[in-house]
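1. The following comprises the amino acid sequence and a computationally predicted model.
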Amino acid sequence: MCTNCLAYSMRLPWWAFSLLCLSKRVHSIFVLRLFNDCFAMTLLHASLALVLCQKWHMALIIYSGAVAIKMNVLLYAPPLFLLMLKALDIKGVFSTLFGAALVQIILGLPFLLTYPVEYLSRAFNLGRVFIHFWSVNFKFVPEQIFVSKEFSIALLVLHLMLLAILHSLDVASVMFTGNFIGIVCARSLHYQFYSWYFYSLPFLLWISPFPTPLRLILFAGVELCWNIYPSNVYSSCLLLCVHLFILLGLWIAPVDCEYATQKPSEKKEE
């Protein structure tokens, strides 16, 4: 599904698609562990494929199903909403959002009718603090700072500021870049969270103005960090540095370069 999204965008050379098959950690997440992240991201990629085809109502329904499985899919919400505002009129925006909300209500109805407060407080607990030991990206941050509210707020503010990078990019660029910004600013990434953005890594590297050897080095660097178990100060520092370097590439990518521009469809979905 994700391969179809990347192929539709026509950003990668044919041989770069092989990178999608080379991750030992992702093989473990999907085949050995069967985390629910796998199913959430599968639905997310299906939703993105529908967005690329301008099937907005069905895309939002499937997207909402992905959110029901794993809350991390909400990292795609800001760029998705931006695309909706560009592609749809007000009526279309509200109708697609209504369809997405209806999915949440239907799936949560058994719990809303019995334990509504408990369901809403636990299912949408955005303030949960992760265990420092399992953090792959911020293991070098002292635990007392890692679990502090100030650190969480600082990352949230940084996340919102970096979303400014999303302007004037095409569908796949906006979606994958918006999600990657959320990954960079996440307080804690656990090993199964690699599936949140692994399949977009080749795309992000190829829309950045880097030479191909550097793209491959960055890809290998990310994979290396995710395969060090347990994570340590050095692997976390390296992962953050690679993430920031990729983010810099996305920031400086000229809008008129062959990888970073695509004329958006002016067609409005009725």
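-> That came through fine. Numbers count the residues shown, from 1 in each chain.
2. For the chain, give the helix that spans the most residues.
-> In the chain, taking DSSP state H as the definition, the longest helix is helix 90-112.
3. got the contact list for it?
-> Outside of helix 90-112, the residues within contact range by Cβ atoms under 8 Å, 6 or more residues apart in numbering are 56-57, 59-61, 63-65, 67-68, 84-85, 88, 118-120, 123, 268-270. C-beta: built from backbone N, CA, C; applies to glycine.
4. again with stretch 211-225
-> Contacts of stretch 211-225 (Cβ under 8 Å, 6+ apart): 19, 22-25, 136, 201-202, 205-206, 208, 210, 231, 235-236, 238-239, 242-243, 245-246.
5. now, which of the contacts of helix 90-112 lie within helices?
-> Those of those lying in helices (DSSP H): 56-57, 59-61, 63-65, 67-68, 84-85, 118-120, 123.
6. What distance do you get for the closest residue to residue 61 other than its chain neighbours to residue 11?
-> Sequence neighbours aside, residue 99 is the residue nearest to residue 61 in space, at 5.2 Å (criterion: Cβ to Cβ, 6 or more residues apart in numbering). Relative to residue 11, residue 99 is positioned 30 Å away (Cβ to Cβ, to the nearest Å).
7. Likewise for residue 79?
-> Counting by Cβ to Cβ - residue 79 and residue 11 are separated by 16 Å.
8. So which residue of the protein lies furthest out from the middle?
-> Computed with Cα atoms, centre = their mean, the residue of the chain farthest from its C-alpha average is residue 114, at 32.7 Å.
9. where's it, which helix or strand?
-> Assessed by DSSP states H and E, residue 114 sits outside every helix and strand.
10. so how far does stretch 142-158 reach from one end to the other?
-> Terminal residues of stretch 142-158 are spaced 19 Å apart (Cα to Cα, to the nearest Å).
11. now swap in stretch 187-202 and tell me
-> 24 Å.
12. Excluding residues flanking it in the chain, which one is nearest residue 177?
-> residue 250 (5.5 Å).
13. For that neighbour, give me its contacts.
-> 165, 177, 180, 204, 207, 208.
14. ok, now residue 66?
-> Contact partners of residue 66, counting by Cβ under 8 Å, 6+ apart, are 40, 41, 43, 44, 47, 73.
15. Okay then, goodbye and thanks.
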